[in-house]
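Colleague: Sequence and predicted model, in that order:
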Amino acid sequence: MNPRERRAARHQAPREEADGRPRRRTAPITVEQVVDTALGVVAAEGYEALTMRRLATALDTGPASLYAHVVNKADLDELLIGRLSAELVLPEPDPATWRDQIRGVCVQLRDRFLAYPGVSRAALAMAPTDLETARVSEGMLAILLAGGVPPQDAAWAIDALLLYVAGYCLEAALVRQRASTDDAVWVVDRAELQRRLTSLPADRFPHTVRHAAELTAGEGHDRFDFTLGLMIDGLARR
């Protein structure tokens, strides 16, 4: 959908309800309210719970009314990621501290994604053409270039870093979701996981049994910090 079509879709009159019921809401809805409410649903129930119908219920209106403001679910996803991207603080590029700066941007994004379980899924396979997401990419590119990273390496590194952050946060959301359902039996703590690894046949899994402690080590975001460090330090070496 081109910008003209998107603008027209955002300003067209609401369609009638499919089941003929009148809208319950009388106050006009704004795009900002739509995004605020959608993020509220995600924060409380997870991204999987966010549907156009669920959002309409939270706004006390009908699903068809939303299409005067949001083109479709994909458009809503762009608005959500755009809002979270707008909250990121991008530093003035500094060649002396570029590694810490790029790490700081990724940590900010991680924390925003984790505040809304599963929302990072909306960022996957999304073209960064929204002005706010483009602002983040521009800021990251500026930081890497200031650090002397070649343009092509910098471009691909941004893609890899954003993909890792989104994947990390999505996995955390899936673990949380499983822990709250009947699948909780599959979510085990570190001690139990280490016990299972050390119980494997040592003749078939000698390294796993021997290094079960290392394989299950890490608190909080230790693994995230380690992987981010590998990626950024690898850029510096190149």
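Modeller: That came in fine, so what should we check first? Numbering: from 1, shown residues only.
Colleague: chain center to stretch 98-117, what's the gap?
Modeller: Mean-position distance between stretch 98-117 and its chain equals 10 Å (Cα atoms, centre = their mean, to the nearest Å).
Colleague: List the buried residues in that stretch.
Modeller: By neighbour count with 16 or more other Cβ atoms under 10 Å, stretch 98-117 contains the buried residues 98-99, 101-106, 108-110, 112-114, 116-117. All C-beta spots, glycine's among them, are computed from the backbone N, C-alpha and C.
Colleague: Stretch 153-169 now?
Modeller: By 16+ other Cβ under 10 Å, the buried positions in stretch 153-169 come out as 154-155, 157-158, 161-162, 164-166, 168-169.
Colleague: Kindly report the same for stretch 126-141.
Modeller: Buried residues in stretch 126-141, counting neighbours by 16+ other Cβ under 10 Å, are found at 126, 128, 130, 132-133, 135-137, 139-141.
Colleague: Any chance of CSV for those, columns distance to Pro150?
Modeller: Below are the buried residues of stretch 126-141 laid out as CSV (distance: Cβ to Cβ, whole Å):
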residue, distance to Pro150
Met126, 25
Pro128, 20
Asp130, 26
Glu132, 26
Thr133, 23
Arg135, 22
Val136, 21
Ser137, 17
Gly139, 18
Met140, 15
Leu141, 12
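Colleague: Looking at those, which are in helices?
Modeller: Taking DSSP state H, the ones among those that sit in helices are 132-133, 135-137, 139-141.
Colleague: same for the host helix or strand of Arg176, what does it pack against?
Modeller: According to DSSP states H and E, Arg176 maps onto helix 151-179. When contacts are defined as 3 or more Cβ pairs under 8 Å, 6 or more residues apart in numbering; DSSP states H and E, helix 151-179 packs onto helix 98-115, helix 131-146, helix 222-237.
Colleague: Out of the ones you listed, the one nearest Ser65 is which?
Modeller: With Cβ to Cβ as the criterion, Ser65 lies closest to helix 131-146 of the helices and strands packed on helix 151-179, at 25.1 Å.
Colleague: my read: Leu66 touches Met52, true?
Modeller: Yes: taking contacts as Cβ atoms under 8 Å, Leu66 lies within contact range of Met52: 5.8 Å.
Colleague: Quick check: the residue most central in space within the chain vs Leu84, distance?
Modeller: Central residue of the chain (Cα atoms, centre = their mean): Ser120, 1.9 Å from the mean position. As judged by Cβ to Cβ, to the nearest Å, Ser120 and Leu84 stand 9 Å apart.
Colleague: Leu66 and Met52 - which one has more neighbours?
Modeller: In this view Leu66 and Met52 are compared by other Cβ atoms under 10 Å, and Leu66 has more residues nearby, 23 against 16.
Colleague: List the contacts of that one.
Modeller: Residues in contact with Leu66 (Cβ atoms under 8 Å, 6 or more residues apart in numbering) are 29, 34, 52, 55-56, 59.
Colleague: Among those, give me the pair with the biggest separation.
Modeller: Of all pairs in the contacts of Leu66, the most separated under Cβ to Cβ is Ile29 and Met52 at 13.0 Å.
Colleague: quick revisit: want to throw the buried residues of stretch 126-141 into a markdown table with pLDDT and distance to Gly220?
Modeller: Below are the buried residues of stretch 126-141 laid out as a markdown table (pLDDT from 0 to 100; distance: Cβ to Cβ, whole Å):
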| residue | pLDDT | distance to Gly220 |
| --- | --- | --- |
| Met126 | 85 | 28 |
| Pro128 | 76 | 29 |
| Asp130 | 86 | 31 |
| Glu132 | 93 | 28 |
| Thr133 | 94 | 27 |
| Arg135 | 96 | 29 |
| Val136 | 97 | 24 |
| Ser137 | 96 | 27 |
| Gly139 | 98 | 26 |
| Met140 | 98 | 24 |
| Leu141 | 98 | 29 |
